[in-house]
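Engineer: Provided below for reference: sequence and predicted model.
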Amino acid sequence: MDKEDGLDMLCVNTIRALSMDAVQKANSGHPGAPMGLAPVAFALWDKFMRHVPQNPDWPNRDRFVLSAGHASMLLYSILHIFGYDISLDDIKNFRQLGGKCAGHPEYGLTPGVEVTTGPLGQGVAASVGMAVSEKWLKNHFNRNGHTIIDYNIFAIAGDGCMMEGISSEAASLAGHLGLNNLVWIYDNNNITIEGNTSLAFSEDVAARFKSYNWHVQRVADANNLEMLEQSFLSAINENMRPSLIIVDSHIAYGSPNKQDTADAHGAPLGEDEVRATKVNYGLCPDKKFYVPDEVEQYKESVIAKGIKLENDWEKRFAAYTKVYPDLAKQFNMMQNSELPDGWERNLPVFPADNKGLATRESNNKIINSISSQIPWFMGGAADLGPSTKTLIKDAVSFEKDVYKGRNYHFGIREHAMGAIVNGMSLSKIRPYGSTFLIFSDYARPSIRLSSLMKLPAIYIFTHDSICVGEDGPTHQPIEQLASLRAMPNLEVIRPADANELSFMWQYILELKDKPTALILSRQALPTIDRSKYASAEGAMKGAYTLADSNGSPDVILMGTGSEITLCLAAHEQLALDGVKSRVVSMPCWSLYECQSPEYKESVLPMSTQARIAVEAGTVYGWHKYTGNYDDDNMLGIKSFGASAPIKDLLPEYGFTVERVTQMAKKAIKRQFKNNNER
């Protein structure tokens, strides 16, 4: 072994030892995968990853995604010895409250972590979104003689990632698109929590990926650095297809008693086993969290290399800026999550119209206005573009070798679509993905990660209620609105008409730290006459008084979306009956909750406890605003829907003016009775 090989293996074994020590100290974690994968990750980062430890957000860096997020100590150890702001104290604090090194990698918490991983398959699926983005960015910004974007995306997947269906969805699309900037490394260690993978997994992974149009290689020994380097070089040089490198590894490599066993997957090895393993690595068994001087010196050389890489790029970007100032300005705005001045000026204003538009239709007019002002605003649908109306009319489709496209065809892959949108958002694009609201359930894990990562991703869900009609209960969402509202840090918006929607888009695109679920109708909604009722601008506070009576209201009618028109009709009828009512449109509950107590009191005064909530879905959650769980205060749906025309469905489920007015009058009587009994 020559000197260089000796340093390489010393770095590899340092990674292994740090991983073992951190898991042992925490008495929690997954030591086996980092021990087996250490040479794979080191070979990649040492010879092929272009990155800047002192600036983890350098725009032209290669991306590394640890989709097998349980192996997080592998990433933290790598980041430490490669000079990132991860100290030995941080590693000693692995899995502890307030630390940088969480149990699974978390974006925004740890420098060098590109995406939150943990739910298996999510990381590799998000990496497809990153690869898609690099292709678009390269096509949009690079010019002859001026290359400012040119990076690769590497992801490590485990057996669990390969088993989860999301990886198949994402890999299929990546192969179809010919994303040759994407490299997945499959840690084929044959061990999962329950035991050997033969218990539940026997497919030919190589054959599967070849059928997806991937370039597939195999490295039979994860400890063979030379073979690993050759495979990485071959993958990077592949110019037609994404690459999969299947690496045969040993979980807990070097452990005398736990190598190749499920015992090493999700529990500490034990003090004695850690000592014995360190002896096998040629390390001192008495030293914990030890980084040899040679590795520390290596770290300094990596930092210097990164500084030079960034400086060279900055010079190229400065030259680019002189020749293409407008493009450079766009690039900087994207990196800083900014929007062009006045982007919202051309948002459409819709005239009053009793017939109106489906909000999916008005949304199409709005997103086309936005796309004309923001070149990096783009997205598509899970094969439902003609139904969700999400096509950008003046743009082409993003396809293999047509990477300038802004219309994305995710195929019938809602789960992967959500993760790909996350990857695009992480790459500074403003993306959207769309499908029917009922299928938000398929995308839910990815939406949850959008919320957790605080990404401004946009999910457009149409066909929002039983008004889907004849398609029947399998396609009619009931519980989905309430379920999405229960998710922290997700803005769920269901506008009452086209103008509310237009104003809410101003709010959506200004968001930097939370995703949006935009809930739109299939059927036409009247465009509310704003000369008669309040301005739709009130929607930007989440809830507002749309229609009112003189003096304090006897009853408040609340709702969202298509049911607001019903509330307005009931309001007019109640006025004829001598009842003072107020209609409150509540397109976004979470946004309303952010308003001042004074504003909230002005909209929903405590003095008016007679309140009716109207929404064509489950009533779950509305009790917060009606003040009780009494079904008589909430008009919703307690069952699944039915296959029938809208005109028959609505009265069948009680969505009539007569029903709302009756409920309002009963609520007033109950309040009067309760007041007298006090």
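Structural biologist: Perfect, I can see it now.

Engineer: give me the pLDDT value at the nearest residue to V291 once chain neighbours are set aside.
Structural biologist: Spatial nearest neighbour of V291, chain neighbours left out: T14 (5.9 Å); criterion: C-beta to C-beta, 6 or more residues apart in numbering. C-beta here means a position set from N, CA and C on the backbone, and glycine is covered the same way. Looking at T14, its pLDDT stands at 98.

Engineer: spatially central residue for the chain, please.
Structural biologist: The residue lying closest to the centre of the chain (C-alpha atoms, centre = their mean) is S450, at 2.7 Å.

Engineer: what's the helix or strand for that one?
Structural biologist: Secondary structure assignment for S450, by DSSP states H and E: helix 440-453.

Engineer: thinking again about what came up before, so what's the nearest residue to the residue nearest to the centre of the chain once chain neighbours are set aside up against?
Structural biologist: Leaving aside its sequence neighbours, S450 sits nearest to P515 (C-beta to C-beta, 6+ apart; 4.0 Å). Counting by C-beta atoms under 8 Å, 6 or more residues apart in numbering, P515 makes contact with 447, 450-451, 455-459, 489-491.

Engineer: just K288 next, same as before
Structural biologist: Residues counted as contacts of K288 (C-beta under 8 Å, 6+ apart) are 21, 25.

Engineer: sitting in helices, which of the contacts of P515 do you find?
Structural biologist: If you go by DSSP state H, the contacts of P515 have 447, 450-451 in helices.

Engineer: out of those residues, which is nearest to R430?
Structural biologist: Among the ones in helices among the contacts of P515, S450 lies closest to R430 (C-beta to C-beta), at 12.9 Å.

Engineer: and the pLDDT at that closest one?
Structural biologist: Note for S450: predicted pLDDT of 98.

Engineer: quick one: the residue nearest to S450 from H140, how far?
Structural biologist: For P515, the distance to H140 (C-beta to C-beta, to the nearest Å) stands at 23 Å.

Engineer: repeat for I519
Structural biologist: From I519 over to H140 (counting by C-beta to C-beta), the distance is 31 Å.

Engineer: what about the two, which has more around it?
Structural biologist: Legend: neighbour count by other C-beta atoms under 10 Å for I519 and H140, higher for I519 (28 against 18).

Engineer: how about the closest residue to the more buried one other than its chain neighbours, what does it touch?
Structural biologist: Once flanking residues are discounted, I519 sits nearest to R494: 4.0 Å by C-beta to C-beta, 6+ apart. Going by C-beta under 8 Å, 6+ apart, R494 touches 464, 481, 519-520, 560-561, 587-588.

Engineer: rerun that using 10 Å as the cut-off
Structural biologist: 359, 437, 461, 464-465, 481, 484-485, 500-501, 504, 517-521, 559-564, 585-589, 615, 617 (C-beta atoms under 10 Å, 6 or more residues apart in numbering).

Engineer: ditto for S596
Structural biologist: 541, 602.

Engineer: roughly how far does it sit from H176?
Structural biologist: 50 Å.

Engineer: next, count neighbours for D341.
Structural biologist: Count around D341 with other C-beta under 10 Å applied: 9.

Engineer: am I right that it sits in a helix?
Structural biologist: No - under DSSP: H, G, I helix; E, B strand; the rest coil, D341 sits outside any helix and is assigned coil.

Engineer: list the contacts of it.
Structural biologist: 333, 373.

Engineer: circling back to that earlier point, and the buried ones among the contacts of R494, selectable in PyMOL?
Structural biologist: Per 16 or more other C-beta atoms under 10 Å, the buried members of the contacts of R494 correspond to this PyMOL selection:
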select buried, resi 359+437+461+464+465+481+484+485+500+501+504+517+518+519+520+521+559+560+561+562+563+564+585+586+587+588+589+615+617
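
Engineer: pLDDT of the longest helix anywhere in the chain, averaged?
Structural biologist: If you go by DSSP H, the chain has its longest helix at helix 293-323. Average pLDDT, helix 293-323: 98.

Engineer: pull the distance from that helix to the chain's centre.
Structural biologist: Distance of helix 293-323 from the chain centroid (C-alpha atoms, centre = their mean, to the nearest Å) equals 31 Å.

Engineer: repeat that for stretch 62-72.
Structural biologist: 16 Å.

Engineer: what's the end-to-end length of that stretch?
Structural biologist: One end of stretch 62-72 to the other measures 19 Å (C-alpha to C-alpha, to the nearest Å).

Engineer: can I get the ones in helices among the contacts of P515 in CSV with distance to R316?
Structural biologist: Formatted as CSV, the ones in helices among the contacts of P515 follow (distance: C-beta to C-beta, whole Å):
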residue, distance to R316
I447, 37
S450, 33
S451, 37
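
Engineer: which residues in the stretch 151-300 of the chain form strands?
Structural biologist: With DSSP state E, counting those that start in this stretch, the ranges of strands along the stretch 151-300 of the chain come out as 153-157, 182-188, 191-192, 195-196, 215-219, 243-248.

Engineer: mind listing what the fifth one pairs with, with the direction of each?
Structural biologist: Applying DSSP bridges to the sheet, strand 215-219 is found paired with strand 243-248 (parallel).

Engineer: got the angle for the partner strand vs strand 182-188?
Structural biologist: With axes from the mean of the first three to the mean of the last three C-alpha atoms, to 10 degrees defining the directions, strand 243-248 sits at 20 degrees from strand 182-188.

Engineer: can you give me the angle strand 243-248 makes with strand 153-157?
Structural biologist: Relative orientation of strand 243-248 and strand 153-157, computed by the same axes, to 10 degrees: 30 degrees.

Engineer: which among the contacts of P515 count as buried?
Structural biologist: Buried subset of the contacts of P515 (neighbour count, 16+ other C-beta under 10 Å): 447, 450-451, 455-459, 490-491.

Engineer: so what's M378 up against?
Structural biologist: 132-133, 136, 367, 371, 392, 395, 398, 405-408, 424, 429-432.

Engineer: in stretch 234-243, what's buried?
Structural biologist: For stretch 234-243, a neighbour-count test (16+ other C-beta under 10 Å) marks 235-236, 238, 241-243 as buried.

Engineer: just the terminal-to-terminal distance for that stretch.
Structural biologist: Chord length of stretch 234-243, first to last residue, is 9 Å (C-alpha to C-alpha).

Engineer: check what contacts that stretch and list those residues.
Structural biologist: For stretch 234-243, the external contacting residues (C-beta under 10 Å, 6+ apart) are 48, 62, 127-128, 131, 152-154, 171, 174-175, 177-185, 209-210, 212-217, 231-232, 244-245, 400-401.
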